[in-house]
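> dropping a prediction and its sequence here:
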Amino acid sequence: MMEKQQEQKARRIVLLTHVLGLIMKAIGYFFSGSAVLMNESIHSLIDCINQGLLAIGENRAQRGRSELHQFGEGRATYFFSTVVAMTVFLGGGILAVVEASRDLLDPTHEVEQLQLVAAILFVSLFIEVTAVQEGWQEVKEQNKQNQPLVRFLKESRDSDLLLGFTENLFALGSVTIAIAGISLTALTGNPVFDSLGGILGGLLLIAAAVFLAKEFYSLLIGEGASASDLMAIKQILANPAIIQIKDLRTLHLSPEELLIVADLSLKLAPDEEPSTFIDTIEQQIKQALPELRVYCYIESEEITS
């Protein structure tokens, strides 16, 4: 309960930061007409919507089992994350590209208050660098196998981490491009670079949407245990008393819940009960995966000859 309250408090702080960032960037865009600030305003708006949708998803995921949803609604977080990727990210990216392209083709487009634009962008850069650093620390804590970053993100079943870190990473890239664009505009007096920066930032949002949609689609329809967790399970099932693993299937019911279904052929000592042996195996699996709530359904057939 205390951990959940801390997570909710942290989410409120993050939401407040994004709202303040949105207000700051929108005011800057109003006074400057900068395409990159317009793009960054869209980024901040997306961040705000993200937090709201993810909070709804978490509340749904916390519901217990019901007659309709026998294993609860844990994968609701995957659904709302998919909504964020497909509508908010993709829609925001397309909007940013369209608006920046319109500025690019407008011969009367100018960027005013360049100092204000630069100041806002550097503040945004500091915020995004801090967010990426915090996310990277969380990635390192969870990436116990020291996998390459892209492979870890693909292997991760944690939708909050996948969405948050990817969004922050792409947002950092977008701010960097925006600073480069506005700097070139200031040096050359040509607003084309500002528009190009807005277009590239929008394309980054679209790229993030494509990557996240692909990952969340896979999670939504049901992914099995990660490679490291599956290896731990198979090591336990390598018990000499298990003659054959007829079937082994795993399914993440939520980021924190894992269903394991197995069909085993056993050859036990004369005085050993199959039910006792299966209970021991189940306990060993749960102990090997302490960060997950594990549900084991193991069928067994004892070979006597």
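Perfect, I can see it now.
> from here on, just use CA atoms for contacts and neighbour counts.
Fine.
> what are the pairing partners of the strand or helix carrying His252, and which direction each?
Assigned by DSSP states H and E, His252 belongs to strand 242-254. Within its sheet, strand 242-254 is paired with strand 257-266 (antiparallel), according to DSSP bridges.
> the strand it pairs with - what's its average pLDDT?
Strand 257-266 shows a mean pLDDT of 90.
> next one: it to chain centre, how far?
28 Å (C-alpha atoms, centre = their mean, to the nearest Å).
> which parts of it are buried?
257-260, 262-266 (16 or more other C-alpha atoms under 10 Å).
> swap in stretch 22-39?
Using 16+ other C-alpha under 10 Å as the test for burial, stretch 22-39 gives 22, 24-29, 32-39.
> that older thread, now do the strand holding His252: distance to the chain's middle.
26 Å.
> cool, and stretch 71-81?
So, by C-alpha atoms, centre = their mean, the centroid of stretch 71-81 is 13 Å from its chain's centroid.
> C-alpha coordinates for it, PDB please?
Taking C-alpha atoms only, stretch 71-81 is exported to PDB below (Å, rounded to 0.1, in the frame of the first residue of the first chain):
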ATOM      1  CA  PHE A  71      -7.800 -13.600 -13.800                       C
ATOM      2  CA  GLY A  72      -8.600 -10.000 -13.200                       C
ATOM      3  CA  GLU A  73      -7.900  -7.100 -15.600                       C
ATOM      4  CA  GLY A  74      -4.100  -6.800 -15.200                       C
ATOM      5  CA  ARG A  75      -3.500  -6.300 -19.000                       C
ATOM      6  CA  ALA A  76      -5.600  -3.100 -18.900                       C
ATOM      7  CA  THR A  77      -2.300  -1.300 -18.600                       C
ATOM      8  CA  TYR A  78      -1.200  -2.800 -22.000                       C
ATOM      9  CA  PHE A  79      -4.500  -1.700 -23.600                       C
ATOM     10  CA  PHE A  80      -4.200   1.900 -22.500                       C
ATOM     11  CA  SER A  81      -0.500   2.000 -23.400                       C
END
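> ok, residues contacting that stretch?
For stretch 71-81, the external contacting residues (C-alpha atoms under 8 Å, 6 or more residues apart in numbering) are 53-54, 56-58, 60-66, 159-160, 163, 216, 219-220, 253-255, 257.
> now a ChimeraX select for only the buried ones of these.
Of the contacts of stretch 71-81, the buried ones go into a single ChimeraX selection, burial set by 16+ other C-alpha under 10 Å:
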select :53,54,57,58,60,61,159,160,163,216,219,220,253,254,255,257
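> thought Asp247 was touching Ile260?
No - contact criterion C-alpha atoms under 8 Å: Asp247 and Ile260 do not qualify, at 10.5 Å.
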